[in-house]
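# The sequence and its predicted three-dimensional model are supplied below.
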Amino acid sequence: MTTDVHSLVGPYALDALDDLERAAFERHLRECQSCRSDADELREAATHLADGAWAVPPPRLRDNVLAEIRNTPQGAPSSPPPPPARTGRRSHRFSARLAAAAAVTVTAALTGTVVYAVQDRRVRHEQAVADAAQANDARIRSILAAPDLAVREERLTSGGKVTVMTSQLRDAGVILLAADAAPDPGRIYQLWSIRSGTPASVKALGEGEATTVQIVQGLPGASEVGVTVEPAPGSTTPTTPLDALVSLT
């Protein structure tokens, strides 16, 4: 217990005392009108300062701030000379405690602002992903509904099949890969469009993936669609022999 029991009014109002200190200080409060007034005013001020701070700061942050409050000397400054002892000591103590409460509350408000910004960015990202998925679905439906839709299909050597649907009117196509299982660890499926004998990567699936639906703009201009099994994360040229080759002509 500190030798100046009056200096505990701030930590008491901020609930920073241990059980023994709290019990001793509450006995002191029954006898000290000045400390009772300080405690009541500090609690009221902290309540008003907290208005609008909707998020709680991390527990360790609060503990660190309160530790600094308790370790900061609370005596009156040596210069200029203090006003009458009782009134000056109370004013200085109250100002110091009020500043400490303001620091805790402002930190909470700033933390809340950061949390809100992170949450808002996550919500916007999720909304963008959902919007993109809806647009992709609408595009697929448009291609599959084309009156000139051509559908071609081949079996995969590794098991499963690849289906290629193209529309000259839409100048686009959809590749549907439905393998029986994903390749061995460290290897992936990769899709290719082949034009005039030159392959171009359409999509490299992730490890463990066995199915995909991929829209390819301009696919009717290709002569073939190929599927290969490649080392992850994919290759710049297809590994032969191909797992499947779909002719579009």
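Sure thing, it's come through.
# need the helices for this structure, in chain order.
9-13, 19-29, 33-49, 59-71, 85-144 (DSSP state H).
# looking at those helices, which has the lowest confidence?
Between these, the one with the least mean pLDDT is helix 59-71; it has a mean of 57.
# now Asp184: how far from Ala204?
Noted for Asp184: a distance of 16 Å to Ala204, by Cβ to Cβ, to the nearest Å. The way it works is simple: take the backbone N, C-alpha and C, and place the C-beta from them, glycine included.
# Neighbour count: these two, which is higher?
Ala204 (18 against 9; other Cβ atoms under 10 Å).
# Report the contact partners of the closest residue to the more buried one other than its chain neighbours.
Closest residue to Ala204 apart from its sequence neighbours, by Cβ to Cβ, 6 or more residues apart in numbering: Gly234 at 3.2 Å. Gly234 sits next to 188, 190, 201, 204 when contact means Cβ atoms under 8 Å, 6 or more residues apart in numbering.
# let's see 10 Å
Contacts here follow Cβ atoms under 10 Å, 6 or more residues apart in numbering; on that basis Gly234 touches 188-190, 201, 203-206, 228.
# Check Ala39 too.
Counting by Cβ under 10 Å, 6+ apart, Ala39 touches 8-10, 12-13, 25-26, 29, 32, 94, 97.
# and with 8 Å instead?
By Cβ under 8 Å, 6+ apart, the neighbours of Ala39 are 9, 12-13, 29.
# next one: Tyr12
Counting by Cβ under 8 Å, 6+ apart, Tyr12 touches 22, 25, 39.
# go on, Ile140?
Going by Cβ under 8 Å, 6+ apart, Ile140 touches 174, 213, 215.
# Thr228 now?
When contacts are counted by Cβ under 8 Å, 6+ apart, Thr228 touches 189-190, 192, 235, 238-240, 242-243.
# Equivalent analysis for Cys32, please.
Applying Cβ under 8 Å, 6+ apart to Cys32 gives the contacts His6.
# Then the one 4 residues further on?
Contact analysis of Arg36 by Cβ under 8 Å, 6+ apart lists Leu29.
# Find the pair from the contacts of Gly234 with maximum spatial separation.
The distance between the two most remote of these (Cβ to Cβ) is 15.2 Å, for Gly206 and Thr228.
# Pro11 is in contact with Leu42, correct?
No: shown here, Leu42 and Pro11 do not form a contact pair, counting by Cβ atoms under 8 Å, at 10.4 Å.
# give me phi/psi at the residue nearest to Ala204?
Main-chain torsions, Gly234, degrees, to the nearest 10: phi 130, psi 170.
# Got the confidence number for it?
95.
# before we move on, what about the one 3 residues further on?
pLDDT, Thr237: 94.
# residues contacting the nearest residue to it once chain neighbours are set aside?
With sequence-adjacent residues excluded and distances taken as Cβ to Cβ, 6+ apart, Thr237 is closest to Pro199, at 6.6 Å. By Cβ under 8 Å, 6+ apart, Pro199 lies in contact with 192-193, 226, 237-238.
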